[in-house]
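[1] Show me the folded form of this:
(one chain, ligands or ions: 1)
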Amino acid sequence: MERTLAIIKPDAVARRIAGRILQRIEEAGLQIRAMRLVRLSKVEAEGFYAVHRERPFFPGLTEFMSSGPAIVLVLEGEEAIGRWRRLMGATDPATADGGTIRKDFGSSIERNATHGSDAPETAAFEVGYFFPGIELASAG
Ligand code: CMP
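    Numbers count the residues shown, from 1 in each chain. Now for the predicted structure:
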């Protein structure tokens, strides 16, 4: 069993397509273990994306991620990290495969509708960033 942190980004929430993204998660058989609507501050977005601190897109990314409500989720299942990444598709919607979330709902590499952890170590950090008490909850 694996857990991953998913975010339905502010562009998708603002366009009222969060429900369609949640439907894809459910249809894929990934279990929603936790879910919360958040309005990140700039500082919280900077902390979450700290690994990208030196990248040229960091200011724009953190500005966008703190521009409106987003939905953070913990997804659980066999190979949840890879399965969620395949459902999302490539980071840039322009190069994402047809039928993926980013192809269907993303509008630019920044406004790409969703985020997902890229490895078990990042998943542990990212899940803990938003759901620090999750290990204490039952896995039912
Ligand atoms: P995400 O999966 O949230 O992880 C980091 C984000 O940075 C990524 O999705 C993109 O939205 C964004 N990103 C990555 N590369 C670029 C880029 N070249 N220009 C703008 N944003 C980028």
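
[2] Any chance of the backbone angles for His115?
    phi -130, psi 150 (degrees, to the nearest 10).

[3] Show me what the residue nearest to it when sequence neighbours are not counted bridges to in the sheet.
    When the adjacent residues along the chain are set aside, His115 lies closest to Ile7, with 4.0 Å between them (Cβ to Cβ, 6 or more residues apart in numbering). For the C-beta atoms, the positions are set from N, CA and C on the backbone; glycine is no exception. Beta-bridge pairing of Ile7 under DSSP bridges involves Val72, His115.

[4] what residues are up against Ile7?
    Contact partners of Ile7, counting by Cβ atoms under 8 Å, 6 or more residues apart in numbering, are Ala70, Ile71, Val72, Leu73, Thr114, His115, Gly116.

[5] between those residues, which has the most around it?
    Thr114 (27 neighbours; other Cβ atoms under 10 Å).

[6] Mind telling me what element the closest residue to Phe48 other than its chain neighbours is part of?
    Closest residue to Phe48 apart from its sequence neighbours, by Cβ to Cβ, 6+ apart: Tyr129 at 5.7 Å. Using DSSP states H and E, Tyr129 sits within helix 120-130.

[7] Give the buried residues for that helix.
    Going by neighbour count (16 or more other Cβ atoms under 10 Å), the buried part of helix 120-130 is Ala123, Glu126, Val127, Phe130.

[8] Of these, which is the nearest to the ligand?
    For those, the residue nearest the ligand by Cβ to the nearest ligand atom is Glu126; the value is 10.1 Å.

[9] is it true that that closest one touches Phe48?
    Yes. Using Cβ atoms under 8 Å as the test, Glu126 is close enough to Phe48 to be in contact (7.1 Å).

[10] How about the contacts made by Asp97?
    If a contact means Cβ under 8 Å, 6+ apart, then Asp97 has Gly89, Ala90, Lys103 as its contacts.

[11] distance of the first one from Thr95?
    Look at Gly89 and Thr95: by Cβ to Cβ, to the nearest Å, they are 8 Å apart.
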